[in-house]
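Participant: need a structure here:
(chains A, B, C and D)
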2 protein chains.
Amino acid sequence: MSRTSFQGEIPEEQIDVCPVTATQNVIAGKWKIIILWHLRETRRFGELQRLVPGVSKGILTAQLRELEKDQMVHRKVYQEVPPKVEYSLTDAGRTFMPILESMGEWGKKYDLVKKSRDEIE
Amino acid sequence: MSRTSFQGEIPEEQIDVCPVTATQNVIAGKWKIIILWHLRETRRFGELQRLVPGVSKGILTAQLRELEKDQMVHRKVYQEVPPKVEYSLTDAGRTFMPILESMGEWGKKYDLVKKSRDEIE
DNA sequence: CGGGATCCCCGCGGATACTG
DNA sequence: CAGTATCCGCGGGGATCCCG
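Facilitator: Have a look, this model is predicted:
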């Protein structure tokens, strides 16, 4: 009777066995991809907020904290007044850059395709 | 009638000028990446549901519909009983495959790094 | 300047039942 | 087999206020 598993039930050991899903989990979050993108270069917090249009402080902080926890982003605090914090990519974050660049390239071409199709319709 | 000028108005499509964000919008959705991944090969609906552990029929359908709308996935219906539907990648979907493969590769290495760090702590 | 703490909302995802 | 239709809940994201 306990042999049948319900939808949504996944054996613990099989969670994240798929590398693609593991990656998905890291970049899941409305702003994470664009944040990582702008972190090609070291950025200060306020700078980052200006670069990512539409995000609020609170959410930007939250997403950065998660990226930190996932060891994608490094946070450097300068003990001075007024406060200064710099965000940069970790090693793991840097190895992800080629993917982000590919996504950028793909996004450009995808946009062109979509627009040409929209003109037809 | 008073035609409102374009001053101050931002055309919808210029909001997403950033190609990376455009890509983000396409793959946003809990299951889309792993779905696309399994669509390297043409798959039937039920097959897809077995390959993506944890997703329900309804949600799987919804995500596939969105991918269809974004011209990433093609849906082929065979008019027969019992019903048979095959999903495959469109041209746009196929051009996205290299990125998914990179994500898979990255996910493997990322997993190793995380596990080695977890052992230390 | 770079946050933390709260409150709130809505929309995504999940469960179940039904269908051609 | 491959879906719809419907209800529901939860949590991610947003707004606002406060703070060192």
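
Participant: State which helix of chain A is the longest.
Facilitator: In chain A, with assignment by DSSP state H, the single longest helix is helix A:97-120.

Participant: What about residue A:24, how many residues nearby?
Facilitator: 21 (other C-beta atoms under 10 Å in any protein chain shown). Every C-beta, even on glycine, is put in place using the N, C-alpha and C of the backbone.

Participant: gap between it and residue B:27?
Facilitator: As for residue A:24, its distance to residue B:27 is 8 Å (criterion: C-beta to C-beta, to the nearest Å).

Participant: again, but for residue A:63
Facilitator: Distance of residue A:63 to residue B:27, given as C-beta to C-beta: 17 Å.

Participant: Strands of chain A, residue ranges please.
Facilitator: Secondary structure of chain A (DSSP state E): strands located at A:43-44, A:73-78, A:84-89.

Participant: Next, the buried residues of the second one.
Facilitator: So that's strand A:73-78. Using 16 or more other C-beta atoms under 10 Å in any protein chain shown as the test for burial, strand A:73-78 gives A:73-74.

Participant: Give me the pLDDT for residue A:65.
Facilitator: With respect to pLDDT, residue A:65 scores 98.

Participant: ditto for residue A:10
Facilitator: Value for residue A:10, per-residue pLDDT: 48.

Participant: again, but for residue A:115
Facilitator: 72.

Participant: Tally up the residues packed near it, please.
Facilitator: Neighbour number of residue A:115 under other C-beta under 10 Å is 10.

Participant: Next, work out how far apart it and residue B:22 are.
Facilitator: 11 Å.

Participant: go on, residue A:38?
Facilitator: Residue A:38 is 15 Å from residue B:22, where distance means C-beta to C-beta.

Participant: what's the closest non-adjacent residue to the most centrally placed residue in chain A?
Facilitator: Closest residue to the average C-alpha location of chain A: residue A:32 at 2.6 Å, with C-alpha atoms, centre = their mean. Among residues not flanking residue A:32 along the chain, residue A:63 sits closest, at 5.5 Å (C-beta to C-beta, 6 or more residues apart in numbering or on different chains).

Participant: on contacts alone, who are the packing partners of the longest helix of chain A?
Facilitator: helix A:32-38, helix B:19-27, helix B:91-95, helix B:97-120 (3 or more C-beta pairs under 8 Å, 6 or more residues apart in numbering or on different chains; DSSP states H and E).

Participant: list the buried ones in it?
Facilitator: Going by neighbour count (16+ other C-beta under 10 Å), the buried part of helix A:97-120 is A:99-100, A:102-107, A:110-111, A:114.

Participant: got the contact list for that helix?
Facilitator: Helix A:97-120 is contacted from outside by A:33, A:36-37, A:40, A:89, B:13, B:16, B:18-24, B:26, B:71, B:91-92, B:95-96, B:98-99, B:102-103, B:106, using C-beta atoms under 8 Å, 6 or more residues apart in numbering or on different chains.

Participant: again, only this time at 10 Å
Facilitator: A:23, A:27, A:33-34, A:36-40, A:89, A:93, B:13, B:16-27, B:70-72, B:90-92, B:95-96, B:98-103, B:105-106 (C-beta atoms under 10 Å, 6 or more residues apart in numbering or on different chains).

Participant: Buried ones among those residues?
Facilitator: By 16+ other C-beta under 10 Å, the contacts of helix A:97-120 give A:23, A:27, A:33-34, A:36-39, A:89, A:93, B:18-24, B:26-27, B:70-72, B:90, B:92, B:95-96, B:99-100, B:102-103, B:106 as buried.
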